[in-house]
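Engineer: How does the following fold in three dimensions:
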Amino acid sequence: LSDLEDAISVFRDAVDLTPHGHPDKPGHLNNLANCLRARFERIGELRDLDDAILRYRDAVDLTPHGHPHKPGHLCSLGNSFKARFRRLGELGDLDGAVSMLRDAVDLTPDGHPDKPARLNSLGISFRARFERLGELRDLESAFSTLKDAIDLTPHGHPDKPARLNNLGSSFLNRFWRLGELSDLEGAICMHRHAVDLTPHGHPDKISRLNNLGSSFEARFDRLGELSDLEHAISTLREAVGLTPHGHPRKPIYLNNLGDLFGARFERLGDPGDLEQTISLYSHAASAPTDLIGARFLASQNLISFARGIGHHSLLHAYSVAIGLLPELAWIGLSLTQRYNELAQGADVVREAAAAAALDVGLPEAAVEWLEQGRSIVWGELFQLRSSFEGLSSAHSDHARRLQELSAALEQASATREKSMSTFSEETQSATHHTKESSQREADRHRALAIERDKLLQEIRRFPGFEQFLLHKNFSQLRASVHSGPVVFLNAAESRCDALIVLADVDHVIHVPLPNFTFQRSAGLQNMLEKLLGHARVTRSDDRKGDPATLRGVSWESLLSTLWNGVVKPVLDVLAFSVRDTPGDLSRIFWCPTGPFVFLPIHAAGLYGTQHSDPGHKVSDFAVSSYVPTLAILALSPNPAAAPSGDLRLLAVGQPPSDGLPHLSGVATELEHIKSVIHSSPSARTTLVESSVGTVEEVLSLMKEADWVHFACHGVQDAENSGLCLADQRRLRLRDIIALSRPHGGLAFLSACQTAMGEERLSDEAIHIAAGMLFAGYGGVVGTMWSISDTLAPRVARDVYAQLFRNGTRPDYREAARALHEAIGRLRESGRASFVTWLPFIHVGL
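Structural biologist: Residues are numbered from 1 along each chain as shown. Predicted coordinates:
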């Protein structure tokens, strides 16, 4: 490694001393980049790979068309894009690799000695894209290109084994896709040949042994021959033995070997194989490398195996897996990629971890894990806005640098997301300049994230700061509970539970829910889908909430099941009593997980004339709010003094150019708000209205306003969720979270599906209401599905009338109670069906 460090130093000097425009500059840049990429492959530092890509790109740009070195520089850049794709999973890097390598091949004349190497690299990229997207044409392109590379490589050539290995992997891919045994035999033949031709001590011997072992394992899975399993174990064991400690790919090989010992244990029942499996998975999950995806997969395998046999390592496995989630959704990735990474199984890990902790009587650990593993993307983004007071008093220089880096990283992330949004809105005529600009923004974003990670590692070496910005323990979490009990609702395959956190109780109150199961929660979710019909489907042209055909199920049945199985047991333990006036009701904050996220907990109860007396529904006992995490309440402490100055309320109605059906109720809704404000002049409130309704105008006004009210169309579409504004554009979730505004205030989202969330990542709170919270609003009125354009104005009128009733400056913390009373009047009027009043919810404080 010292030789490599010396080479980097020398080549860096060569680059620095060579003037711009000198014909040797591209070559020096390429040499430096080669060394940086070699160090990345040895140590795994992403900073080296990013730096290499930057140098390769400069080398390509400085090399004129037609220059004989141009194809080589393009090939080097393409291979580096491919390496970064394997590390981070960003599809843009893979597309860049295919594009660069295709150009390199096309520019290399037949008969050129580097033609086979460039064909080989292009074939690998095609295969990687097949593995990511599943397009069979990419796999066929890989086959064709890799065969050409092998045919052009003479026997005895040192690169022959690598090309045989790559073709073998393509055979294995095609076997997994099409199931043809001949492809599996081809994979074993190619991989065995590659291993035999690779000399001992060669650094690629390890990966080729791993691939041969994987081919033997595939044949064992297909044919059941124990001899294939023994060959696979022998081959993988050799690969692991040759892999040095700290090697970036070590967790992959350990995990693969663990799979094999696990298969042999299940086949033969040898306890020694069991212990080997547990040990290998555990070492893979805890390996000191940055290959987080492989470590997380190993932790999932460890969980699955340990849970299946009741092994004592299960809680440790869950702890490791949950601790990896923030790294899996690394802050240097794009928002889309972060959510894609979490979709690997974060929800299952989190909910099952809490259940496992409860099985052994550790409810505090269950709460810690549920909090640690929820809304990870939101939590990481909000950390960037922390003030770091404790660090400032002890290590002011580090605190200042962290503050600067965090601000720069937040800005870079926002700029990158905006660039990606602009790029996605452009058609296929998007310019090369736009693509390059987007890539530069991504490079800067990653570089800042890497630098911040390094600084955090340094800070955590200070005494007393070992857990700085890491997960909080229960006593720290409990400090967030200042306005009413927080109730976690956890649904796992093995059990369902409520976990109550109270400000004045030093432990979690555990309420088992024996009459409720995961299957029942899924059944209620299915029932809800049927009840909502078209109203629950994501549509951009609907704010209405017409009753759906019941199809043999009823709202009463759904809400009574929630009441009897979930909510009433919680209220019984809390000993809440019915109060005569809504103003006396306690607040309760629901923190649902998994399938609970999509169920109307706030409306649970017994409905019908026989249950008309108070005491049969949650609204008789408490004012309900939802919170995505406990931490969001920590951001909203009760202020000691009332805010000064006039309150600025921004009202945004449906713009005429949103390209969607006209909402006739919007004008009425905004008039109601004006009327309430004008009738309370002493409330010190100024109404600000959006004039043109463009995204840029609304964002600018939101920065200045204390409260905001939207009355328009809304769309739930993961990170592309948004409010429909002028020129057929959306105020997207990524726009909202980029806002920099003081904390507090109310966001009233009188639009469809603003608190709906995504089923594939239910615990990440990927919806507009959560975005408003993390943008700094203290409370949000949102909707779980489509709402009625006729009734929405009435709800808004009654909420604001309640908030302004005292003639003083309104307090956003009273919005939950105001909504509670407004919906109660609507429900009791008899003029609203369940589907029209149920979707309105309050989120936050």
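
Engineer: rest of the way, CA atoms for contacts and neighbours
Structural biologist: Noted.

Engineer: Neighbours of V676, how many?
Structural biologist: Using other CA atoms under 10 Å, V676 has 19 other residues around it.

Engineer: What is the neighbour count of P203?
Structural biologist: For P203, the count of nearby residues is 12 (other CA under 10 Å).

Engineer: tell me the SS of it?
Structural biologist: Secondary structure for P203, judged by DSSP: H, G, I helix; E, B strand; the rest coil, is coil.

Engineer: pLDDT value on it, please?
Structural biologist: At P203, the model reports a pLDDT of 91.

Engineer: Distance-wise, check it relative to P656.
Structural biologist: Applying CA to CA, to the nearest Å, the value for P203 to P656 is 64 Å.

Engineer: Check R42 too.
Structural biologist: Distance from R42 to P656, by CA to CA: 58 Å.

Engineer: same thing with A492?
Structural biologist: In terms of CA to CA, A492 sits 46 Å off from P656.

Engineer: Equivalent analysis for D6, please.
Structural biologist: Distance of D6 to P656, given as CA to CA: 65 Å.

Engineer: try S80
Structural biologist: Distance from S80 to P656, by CA to CA: 48 Å.

Engineer: now D453
Structural biologist: In terms of CA to CA, D453 sits 46 Å off from P656.

Engineer: can you check G258 too?
Structural biologist: According to CA to CA, G258 and P656 sit 61 Å apart.

Engineer: that older thread, can you pick out the residue with more neighbours from D6 and P656?
Structural biologist: The neighbour comparison of D6 against P656 (other CA under 10 Å) goes to P656, with 16 against 12.

Engineer: ok but the more buried one is inside a helix, no?
Structural biologist: No. Assessed with three-state DSSP, P656 is coil; it does not lie in a helix.

Engineer: can you pull the pLDDT of it?
Structural biologist: Note for P656: predicted pLDDT of 92.

Engineer: Just give the closest residue to H471, not the sequence neighbours.
Structural biologist: Closest residue in space to H471, ignoring its immediate chain neighbours: Q372 at 5.9 Å, by CA to CA, 6 or more residues apart in numbering.

Engineer: give the contact list for that neighbour.
Structural biologist: Contacts for Q372 (CA atoms under 8 Å, 6 or more residues apart in numbering) come out as 322-323, 471-472.

Engineer: Look up how far R86 lies from L122.
Structural biologist: Distance, L122 to R86, using CA to CA: 15 Å.

Engineer: hang on, I meant S413
Structural biologist: Taken as CA to CA, the span from S413 to R86 is 21 Å.

Engineer: Which one's more surrounded, these two?
Structural biologist: The neighbour comparison of S413 against R86 (other CA under 10 Å) goes to S413, with 27 against 16.

Engineer: what's the average pLDDT for stretch 221-232?
Structural biologist: Computed over stretch 221-232, the mean pLDDT rounds to 96.

Engineer: The closest residue to K70 other than its chain neighbours: what's it in contact with?
Structural biologist: Spatial nearest neighbour of K70, excluding adjacent residues (CA to CA, 6+ apart): T63 at 6.0 Å. Counting by CA under 8 Å, 6+ apart, T63 touches 26, 69-70.

Engineer: Tabulate those residues (CSV), appending neighbour count and distance to M772.
Structural biologist: Converted to CSV, the contacts of T63 look like this (neighbours: other CA atoms under 10 Å; distance: CA to CA, whole Å):
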residue, neighbour count, distance to M772
P26, 27, 48
H69, 17, 52
K70, 21, 49
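
Engineer: And for E45, the neighbour number?
Structural biologist: By other CA under 10 Å, neighbour count at E45 equals 17.
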